[in-house]
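Asks: Sequence and predicted structure, then a few things I'm wondering about:
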Protein chains: 2
Amino acid sequence: MRVTEKRRPTLEDVAEAAGVSRATVSRVINGVRNVDPKLHEIVWQAVDATGYVPNRAARSLVTRRSGTVALVVSDAVSHDDDPFMRRFFADPFFGRIVGGVMSVLRPKGIQLALQIVGNEEARTRLVGDLGQGQADGAVVLSLHPDDTLPQQLCDAGIAAALVGRPAQPVPISYVDLANDAGGALAAEHLLGRGCTRLGMITGPAHVPASQDRLTGFRQALARHGHAWFPTVEGGFTYESGESSLLELMRQYPTVDGVFVANDLMAQGALMALRSLDRRVPEDVAVVGFDDSSAALDARPQLTTVRHPLEDMAAETTRLVLARIDDPGLRVESVIFDPKLVVRRSA
Amino acid sequence: MRVTEKRRPTLEDVAEAAGVSRATVSRVINGVRNVDPKLHEIVWQAVDATGYVPNRAARSLVTRRSGTVALVVSDAVSHDDDPFMRRFFADPFFGRIVGGVMSVLRPKGIQLALQIVGNEEARTRLVGDLGQGQADGAVVLSLHPDDTLPQQLCDAGIAAALVGRPAQPVPISYVDLANDAGGALAAEHLLGRGCTRLGMITGPAHVPASQDRLTGFRQALARHGHAWFPTVEGGFTYESGESSLLELMRQYPTVDGVFVANDLMAQGALMALRSLDRRVPEDVAVVGFDDSSAALDARPQLTTVRHPLEDMAAETTRLVLARIDDPGLRVESVIFDPKLVVRRSA
DNA sequence: GAATGCCGTGAAAGCGCTCTCTGGGCAGAT
DNA sequence: ATCTGCCCAGAGAGCGCTTTCACGGCATTC
């Protein structure tokens, strides 16, 4: 037992100090009307004087609200020292989402609880915890195509929304980017600047966003009579961008315009092009995707498709909040339109 | 009022299902001994049957433990749409720390609550909330030299520890990297490979880690008779690395070895060197700092000083946890030793 | 002047849990 | 056979808060 155990003031203490009842203090603090303005004043003074801070646990025990929203990262399988998770956290992707979520939570005084679930057991436990009220809702990052979490969340009736379209059809709200439109933007721009022999370095085939970017690029090209173009599949890493470009140019040396499915790969591609002594954009034009810091750090700076991740994460959070307020709300999806950011590379 | 309001099972329900008292169920669930093994079995079956999940709020109301640790990012001033905060979240630095913290919290089933405090009022409120039990302890990232939070936390007797040495002397635990030793490592390596005219691109002068890297580099050089070397102050960004290197080479064209205070700047420096047609490492050797993804993505790949951020964040978390268990523990600091990672650039 | 309604306040129940305290049963000691 | 001690289970208090309910006072209405 600690000696310096100074009991923290409770509502009761404030009530005594203010000469009113506990109920009145509670009403004042929670801004319930029907309180005499004079008492109002007195109570706040008493709060200040006692240094009272409400006990969250006690409050949420009765209100059944935790004042917390969970940010859930759901991966199919992952241990703690999983190198994938390491990479995931180190990638700006994660941080940008946190930033976006925080930007809407912070002004409302809502807490953010971070949850990583890497296996089925953890998922079940999470759903139980959420259902029981550990958090009022959840912003979900589902990283694997056959993740069962969205469905479970849905079944449990938990207020949740996904960042990114669910890989499988589930009646759950989500926010996504029109990735195909982004691919189209890249195609139009490349064509517009006179490129005639285009190629693409795609992301991993199983990632929905990858597929959509490819599809959009392909359709836009088709609309302009280009029935086919070479592609090489990359892995969204710098390294893979570099090697994929080398591979592409080896097979199709006359390519004069490349759409690369993310900026990091594009940065690698630029480096590869340099090693091949191809000038950018004169010999080969390059368009990236994301408008991440890599786009600004590339030389020449990348013309790229802007992916407003922060805004999307913020919107997802708003969706969750709305659903917490009114669980009857219908499932909703919000699709953001990408914009082309023109810089030097194309 | 919702129609489908199915009351979630409580301890009482489990007790009834198991034919025992609430107290016994509680004991079983919390693994307290002195329970008949037979009952033990029966109770767990009842838990399964009812789908019981403990109510965290109720539990922490009585235990005065929240089972949560806060990760606090304390900035001197910041609004929500502050571009600095945007950059901060997008930087791998943030994510790597989150990853490190999670790696120790997750196995123990402890929650992570993220807190951003950008002004004095928020800081005071945070200290109040923590003191009241919102979280059992805090891992703190103090981003500004005259941040008052460490002192406040200390005064309030909150279990906390900093990632990175506090800028001002405060009796609070922290984990840091021997940045000066890292600078020395860089110096020794550069000297060892035969460089004789060294230069350095430093980080912002007001950042403690920056100063230490410079100091370590300088002292090691002095020990080898190099009384002086040119420096240019950068801002830890790619761009500033590029321009700082150009500036350095303009003033001191004969420099044959550069220590750059972080990898991102080093990556920029490499690009600048390329534009100057200086070969790396033949004409100019470059050593970075951090061993971040930028080191791997640079061409040539960077020889750099490894900054084990994840491990440090994990250790900080352990310090906090230890202090939660025993608040009487003395204030402790853990200093990690950097290691040189030799790649191509030097 | 009596009845009605409303508003502001306090009393008290109760959210779901932990944990102390009490008591019953049984083994071993006297 | 009685007593002592121990072990295990249940009763119940109480954590700090919100919220319903009851009530007294005052204004309004018939």
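Replies: Thanks, I have it. Numbering: from 1, shown residues only, chains lettered A, B, ... in the order given.

Asks: Give me the three-state assignment for A:V127.
Replies: Assigned by DSSP: H, G, I helix; E, B strand; the rest coil, the conformation of A:V127 is helix.

Asks: can you pull out the strands in chain A?
Replies: With strands called from DSSP state E, chain A shows them at A:68-74, A:111-117, A:137-142, A:160-163, A:173-177, A:198-202, A:231-233, A:257-260, A:285-290, A:303-306, A:333-336, A:339-341.

Asks: among those strands, which is nearest DNA strand C?
Replies: strand A:68-74 (16.8 Å; C-beta to the nearest atom of the strand). C-beta: built from backbone N, CA, C; applies to glycine.

Asks: What strands flank that closest one, and is each parallel or antiparallel?
Replies: Strand A:68-74 pairs in its sheet with strand A:111-117 (parallel), strand A:137-142 (parallel), by DSSP bridges.

Asks: right, and the strands of chain A - which one's nearest B:V320?
Replies: In this view, these are compared for proximity to B:V320 by C-beta to C-beta, and strand A:111-117 is the closest at 15.6 Å.

Asks: What's the local residue count around the closest residue to DNA strand C within the stretch 201-346 of chain A?
Replies: Residue nearest to DNA strand C within the stretch 201-346 of chain A: A:P327 (17.5 Å; C-beta to the nearest atom of the strand). By the criterion of other C-beta atoms under 10 Å in any protein chain shown, A:P327 has 13 neighbours.

Asks: And for the residue of the stretch 101-250 of chain A found nearest DNA strand C, the neighbour number?
Replies: Closest contact between the stretch 101-250 of chain A and DNA strand C, by C-beta to the nearest atom of the strand, is at A:Q132 (7.7 Å). Taking other C-beta under 10 Å as the neighbour definition, A:Q132 ends up with a count of 18.

Asks: Now do the contacts for it.
Replies: Contacts for A:Q132 (C-beta atoms under 8 Å, 6 or more residues apart in numbering or on different chains) come out as B:R8, B:V53, B:P54, B:N55, B:R56.

Asks: Dump the residues you listed into CSV; add distance to A:V287 as well.
Replies: CSV is the format used below for those (distance: C-beta to C-beta, whole Å):
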residue, distance to A:V287
B:R8, 52
B:V53, 49
B:P54, 52
B:N55, 53
B:R56, 49
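
Asks: Sitting in helices, which of those do you find?
Replies: Among the contacts of A:Q132, the members found in helices (DSSP state H) are B:R56.

Asks: from the contacts of A:Q132, which is closest to DNA strand D?
Replies: Using C-beta to the nearest atom of the strand, B:N55 comes nearest to DNA strand D of the contacts of A:Q132, at 11.0 Å.

Asks: picking that back up, check the contacts of A:Q132 against chain A, which are close?
Replies: By C-beta under 8 Å from any C-beta of the partner chain, the members of these lying near chain A are B:R8, B:V53, B:P54, B:N55, B:R56.

Asks: Pick out the lowest-pLDDT one from those residues.
Replies: Lowest pLDDT among these: B:R8, with 88.

Asks: Tell me who's in contact with it.
Replies: Listed by C-beta under 8 Å, 6+ apart, the contact partners of B:R8 are A:G131, A:Q132, B:V53.

Asks: right, and the first one touches B:N55 too?
Replies: Read that as A:G131. No. Contact criterion C-beta atoms under 8 Å: A:G131 and B:N55 do not qualify, at 11.0 Å.

Asks: low-confidence ranges in chain A?
Replies: Scanning chain A for pLDDT under 70 picks out A:1-6, A:77-81.

Asks: Can you show me the helices along it?
Replies: Counting by DSSP H, the helices of chain A are A:11-18, A:22-29, A:37-50, A:56-63, A:83-90, A:92-105, A:120-132, A:149-155, A:179-192, A:208-223, A:238-251, A:263-275, A:293-297, A:309-325.

Asks: Any buried residues in the last one, and which?
Replies: Buried positions in helix A:309-325, judged by neighbour count with 16 or more other C-beta atoms under 10 Å in any protein chain shown: A:309-310, A:312-317, A:319-324.

Asks: If we only consider the residues you listed, which is nearest to DNA strand D?
Replies: Comparing these against DNA strand D with C-beta to the nearest atom of the strand picks out A:I324 as the nearest, at 14.7 Å.

Asks: Please name the residues that touch that closest one.
Replies: Contact analysis of A:I324 by C-beta under 8 Å, 6+ apart lists A:V69, A:D136, A:G137, A:A159.

Asks: Relative to A:V284, how far out is the last one?
Replies: Pointing back at A:A159 there. 48 Å (C-beta to C-beta, to the nearest Å).

Asks: again with A:Q219
Replies: 23 Å.

Asks: And for A:V305?
Replies: From A:V305 across to A:V284, the span is 18 Å (C-beta to C-beta).

Asks: re the thing from before, distance to B:T63 added to the helices of chain A, as CSV?
Replies: Formatted as CSV, the helices of chain A follow (distance: least, C-beta to C-beta, whole Å):
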stretch, distance to B:T63
helix A:11-18, 20
helix A:22-29, 23
helix A:37-50, 24
helix A:56-63, 9
helix A:83-90, 30
helix A:92-105, 27
helix A:120-132, 16
helix A:149-155, 28
helix A:179-192, 47
helix A:208-223, 44
helix A:238-251, 48
helix A:263-275, 46
helix A:293-297, 44
helix A:309-325, 27
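
Asks: got the contact list for the residue most central in space within chain A?
Replies: Taking C-alpha atoms, centre = their mean as the criterion, A:I97 is the residue nearest the geometric centre of chain A, at 3.7 Å. Counting by C-beta under 8 Å, 6+ apart, A:I97 touches A:L71, A:L141, A:V163, A:L309, A:E310, A:A313.

Asks: what do you get if the cut-off is 10 Å, keeping everything else the same?
Replies: By C-beta atoms under 10 Å, 6 or more residues apart in numbering or on different chains, A:I97 lies in contact with A:71, A:73, A:139, A:141, A:163-164, A:309-310, A:312-314, A:316-317, B:89, B:95.

Asks: Next: A:M312.
Replies: A:M312 sits next to A:R96, A:I97, A:G100, A:V163, A:G164, A:Y174, A:V175, A:D176, A:L177, A:V334, A:I335, A:F336 when contact means C-beta under 10 Å, 6+ apart.

Asks: Run through the bridge partners of the last one.
Replies: When you say that, I think you mean A:F336. With DSSP bridges as the criterion, A:F336 is bridged to A:L177.

Asks: Give me the neighbour count for it.
Replies: 19.

Asks: List just the nearest of the contacts of A:I324 to B:V35.
Replies: B:V35 lies nearest to A:D136 out of the contacts of A:I324, by C-beta to C-beta, at 34.4 Å.

Asks: where's A:V258 relative to B:F93, distance?
Replies: According to C-beta to C-beta, A:V258 and B:F93 sit 31 Å apart.

Asks: Compare these two and say which one has the larger neighbour count.
Replies: A:V258 (33 against 21).

Asks: Report the beta-bridge partner residues of that one.
Replies: Beta-bridge partners of A:V258, as defined by DSSP bridges: A:G199, A:V286.
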